[in-house]
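**Student:** Quick one, fold the following:
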Amino acid sequence: MALTAVLAVLPSLATTSAATASPTSSGSAACGRECVSRVAFDAVRAVGTSAVDSGRSELQQTWICDRSDNICGLDDPRMLSKPAKVDYDALLKATPEMKKIHDDKIDPNSSEGIQLRQRAVDRIREKADAVRQAQGYCSVWKAIRHQDARTISDITDLVKAQL
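**Tutor:** Numbering: from 1, shown residues only. Take a look at the predicted model:
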């Protein structure tokens, strides 16, 4: 907040500094810019670095997620712009591989069960990535939320239709 106030005053300082530059100095416009830069630096220093940091955090978007919940797309929360989420358990149950494990009563910890589950995971990732690209999302997550509680698109039905 304080940083915003300092930045709002800078344009008026530029005209004041240019008008008060001494006529004997060479390049009064250059002196005006130099004076404004010096005044701006002093003002920011006077406000303190905590205000600068809070000013920076006002501009950042804060996504709350765990990288292990990323299915496809960007996995760095600082880089996200338009993420989507899915109900991963529902998608997993909808895959033919998981249906086979359930119907044939295959032990999920057996070698065949592990292979089938991995194929199901790969299928979900592939289909989620196709939907992500088609719909213009930057990433797809099992669980994600934003600090300001904005709504995040759920594309579970679109991915399930692809399975």
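**Student:** domain parsing for this protein?
**Tutor:** Domain assignment for the chain, taken from automatic domain parsing, gives 2-59, 63-162.
**Student:** Now do the host helix or strand of residue 132: which elements does it pack against?
**Tutor:** Element membership of residue 132 [criterion: DSSP states H and E] is helix 111-135. On a contact count with 3 or more Cβ pairs under 8 Å, 6 or more residues apart in numbering; DSSP states H and E, helix 111-135 meets strand 70-73, strand 83-85, helix 88-94, helix 96-103, strand 139-141, helix 156-162. No exception for glycine: its C-beta is placed from N, CA and C like everyone else's.
**Student:** just checking, which of the ones you listed sits deepest inside the structure?
**Tutor:** Highest mean neighbour count of these: strand 139-141, a mean of 27 (counted as mean count of other Cβ atoms under 10 Å).
**Student:** Partner strands of that strand, with direction?
**Tutor:** strand 70-73 (antiparallel), strand 83-85 (parallel) (DSSP bridges).
**Student:** can you put those in a markdown table and add distance to residue 157 and mean pLDDT?
**Tutor:** Formatted as a markdown table, these follow (distance: least, Cβ to Cβ, whole Å; pLDDT from 0 to 100):
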| stretch | distance to residue 157 | mean pLDDT |
| --- | --- | --- |
| strand 70-73 | 15 | 96 |
| strand 83-85 | 12 | 96 |
